[in-house]
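Trainee: Could you work out the structure for the sequence below:
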Amino acid sequence: MTKAPLLSLAALALALSGAPVAAQPLSVAAQRVETISQKAGTPEDTYGDLYRAVELARVFPDSKTFADMVPLDGPAATMAAYKAENPQGKEALSAFVAKHFRKIGGEDQHKLTMLEHIRALWPILAKPPMAATPGSSLLQLPYAYVVAGGRYQEMYYWDSYFTMLGLKEDGEQPLIDSMLANFTSMIERYGHIPNGTRSYYLSRSQPPFLALMMDLSDNKDPVLARQRLAALKGEHAYWMAGSTCLTKEGACQHVIRMPDGSLLNRYWDARDTPRDESYAEDVATSAQAAPRPAGQTNRDLRAGAESGWDYSSRWLRDEKTLSTIHTTDIVPVDLNSLMWNLEVSIARRCKALGDTACAQDFTRKAEARKAAISKWLWSAPEQRFVDWDSSTKQPTKVVSAAMLYPLFVGLATPAQVQATARLTRSALLAPGGLRTTTNQNGQQWDQPNGWAPLTWVAIAGLHRNGQEELARDLAHRWIGTVAAFYNRTGRMVEKYNIETGEAGGGGEYPVQDGFGWTNGVTRALIALYPQEAPHP
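Mentor: Residues are numbered from 1 along each chain as shown. Below you'll find the model as predicted:
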């Protein structure tokens, strides 16, 4: 069998033009967060009645399809045509969309050995710099980047870290630095990294993995180091902007004040309308949640999307029904572990650049957060890391793979590591990998699905903390699941049913092929445990 060639890309310019943006007062940054997505113009903002008609008529089974389509003649001409033609009903709307818009994505894949297949996918998933097209929801990206595949033909925030793990193992360092340059550019332009590179994602972010991404870069240029540090400070300011509008006990934007006065973070979105990419679905969910205000349900749906766990019993009041979602009440252990890592990383980078005051400031922030996590997000009676519900003032009952994040970032004590490993083995170890939760309710971030990013967090966290037997066992199970499915189908998919070894299910759309983070994590795990490499 012919070996697939390594991805060959031209040398990428790493230094971005212009000086880093100076830190803004939090009150100004907070106002910016609330208005930036409206200024960008989401598809619903741009196409109004046309957009709502197409989505609510269910012209496409997947709401994201129309949200991502590109107009052939620009928004003004398209809306003039819509007014003139006045299409009524699903068939007429479908014909109008086919006439005035085009779809993107959908490349074929090649059947090779699994490792060859992963290497061969990088050129397919890598995209050139993206210029903004009038009327399109795509955001401009000045440098090359990698998409997840399938319905996801844009760059996503937290996905990119797990994709980069594989890029690094396959020698694609220039592409890693190119993607980091895009993320830095977005913080300079928007004040944060959006969920994904679409206008409708600008009102929220995703789990803050940027500092961990930067640790994958080999570039030690001091000018670039300062620019990246400025980006990390900008990200921290975005997540902490709500600290200026907090009440004595309450929450504002991404910040929540705990009963003892300490500050932790939650997921939150600046808008409270239905998501453009899941418009009809959100309208239906908000209707089912009545008499609760639709805006409140919409914001919790959006916050759940920001978490990356869209959707999970972690965010559901009854642990099974989407209309009971209350994400903004939850203080998540994974998010706050990543925020601790961000603060530690900023302190370390400030120290390396000789900024002692900055290093001391962020060290204090990290120490305060670690104490709050230990007090509020660790349950001594249950001996596990937990999410905390601000509406009940109690930990939630959901046992999930999020409890492994403190091990992953290095903030768990030896006793907490031992307890977490025991619970992982007894509750989350499945035949084909790591269970997401112990609840089976039809949501895609629950049992029986297993996901590449959580698998990496768990294995890397256990490996880091000396739990090598369990780490290797999980790697063996995951690689076996992915390899067996690939050998049967020639496909790498977004998620897997780790009880049966088939493709995963649930959620708002069919399982997707590609798939960036599955490729990256599987490639990195085989590098960590080469004895687990599948035979052709």
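Trainee: residue contacts, T133?
Mentor: Residues in contact with T133 (Cβ atoms under 8 Å, 6 or more residues apart in numbering) are V70. Backbone N, C-alpha and C define where each C-beta goes, glycine included.
Trainee: Am I right that it falls within a helix?
Mentor: No: per DSSP: H, G, I helix; E, B strand; the rest coil, T133 lies outside any helix segment and is coil.
Trainee: helix or strand for the residue of the chain positioned farthest from its centre, which one?
Mentor: The outermost residue of the chain, judged against the average C-alpha position, is A84 (40.5 Å), by Cα atoms, centre = their mean. Using DSSP states H and E, A84 sits in helix 75-85.
Trainee: Which other helices and strands does that helix contact?
Mentor: Here helix 75-85 touches helix 43-56, helix 90-100, going by 3 or more Cβ pairs under 8 Å, 6 or more residues apart in numbering; DSSP states H and E.
Trainee: Any chance you could list what contacts it?
Mentor: 46-50, 71-73, 96, 100-101, 134-135.
Trainee: Using CSV, write down the CA coordinates of it.
Mentor: Presented in CSV, the C-alpha positions along helix 75-85 are these (Å, rounded to 0.1, in the frame of the first residue of the first chain):
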residue,chain,number,x,y,z
PRO,A,75,-27.5,39.9,1.2
ALA,A,76,-29.1,43.0,-0.3
ALA,A,77,-29.8,41.4,-3.7
THR,A,78,-30.9,38.1,-2.0
MET,A,79,-33.4,39.9,0.2
ALA,A,80,-34.7,41.9,-2.8
ALA,A,81,-35.2,38.6,-4.7
TYR,A,82,-37.0,37.1,-1.6
LYS,A,83,-39.4,40.0,-1.5
ALA,A,84,-40.1,39.9,-5.2
GLU,A,85,-40.5,36.1,-5.4
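Trainee: what comes up buried for it?
Mentor: For helix 75-85, a neighbour-count test (16 or more other Cβ atoms under 10 Å) marks P75, T78, M79, A81, Y82 as buried.
Trainee: Stretch 247-267 too?
Mentor: Under the neighbour-count criterion of 16+ other Cβ under 10 Å, stretch 247-267 has 251-258, 263-267 buried.
Trainee: Kindly report the same for stretch 309-319.
Mentor: W309, D310, Y311, S312, S313, R314, W315, L316, R317, E319.
Trainee: Now the nearest residue to the third one once chain neighbours are set aside: which helix or strand?
Mentor: It stands for Y311. Excluding its sequence neighbours, the residue lying closest to Y311 (Cβ to Cβ, 6 or more residues apart in numbering) is Q443, at 4.9 Å. For Q443, there is no host helix or strand (DSSP H and E).
Trainee: Report the contact partners of Q443.
Mentor: Y311, S312, S313, L316, K320, L322, G506, G507.
Trainee: Tabulate those in CSV, adding columns for secondary structure.
Mentor: Below are the contacts of Q443 laid out as CSV (three-state DSSP):
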residue, secondary structure
Y311, coil
S312, coil
S313, helix
L316, strand
K320, coil
L322, helix
G506, coil
G507, coil
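Trainee: What is the nearest of the residues you listed to T363?
Mentor: Of all the contacts of Q443, T363 sits closest to S312, with 32.9 Å by Cβ to Cβ.
Trainee: what sits against that closest one?
Mentor: Counting by Cβ under 8 Å, 6+ apart, S312 touches G304, V398, S400, T436, T437, Q443, W445, D446.
Trainee: Got phi/psi on the fourth one?
Mentor: Read that as T436. In terms of degrees, to the nearest 10, the main-chain angles of T436 are phi -80, psi -50.
Trainee: Run a quick neighbour tally on it.
Mentor: 29 (other Cβ atoms under 10 Å).
Trainee: pretty sure it contacts L454?
Mentor: Yes: if you go by Cβ atoms under 8 Å, T436 and L454 touch, sitting 6.2 Å apart.
Trainee: what residues are up against the most centrally placed residue in the chain?
Mentor: Centroid-nearest residue in the chain: W158, 3.7 Å away (criterion: Cα atoms, centre = their mean). Shown in contact with W158 (Cβ under 8 Å, 6+ apart): Q206, P207, F209, G308, P453.
Trainee: quick one: which of the contacts of S312 is nearest to T481?
Mentor: Nearest to T481 among the contacts of S312: T436, at 13.8 Å, using Cβ to Cβ.
Trainee: Distance of that closest one relative to T321?
Mentor: 18 Å (Cβ to Cβ, to the nearest Å).
Trainee: Likewise for N341?
Mentor: As judged by Cβ to Cβ, N341 and T321 stand 33 Å apart.
Trainee: Looking at those two, which one has more neighbours?
Mentor: Taking neighbours as other Cβ under 10 Å, N341 and T321 compare with N341 leading, 23 against 16.
Trainee: can you pull the buried residues of the helix or strand encompassing the more buried one?
Mentor: If you go by DSSP H and E, N341 is part of helix 333-352. The neighbour-count check on helix 333-352 (16+ other Cβ under 10 Å) flags 333-350 as buried.
Trainee: Remind me what whichever helix or strand comes after it packs against, helices and strands.
Mentor: Next along the chain after helix 333-352, taking DSSP H and E as the criterion, comes helix 356-376. Counting contacts by 3+ Cβ pairs under 8 Å, 6+ apart, helix 356-376 packs against strand 263-265, helix 333-352.
Trainee: go with 10 Å
Mentor: When contacts are defined as 3 or more Cβ pairs under 10 Å, 6 or more residues apart in numbering; DSSP states H and E, helix 356-376 sits against helix 222-240, strand 263-265, strand 330-331, helix 333-352, strand 388-389, helix 405-409.
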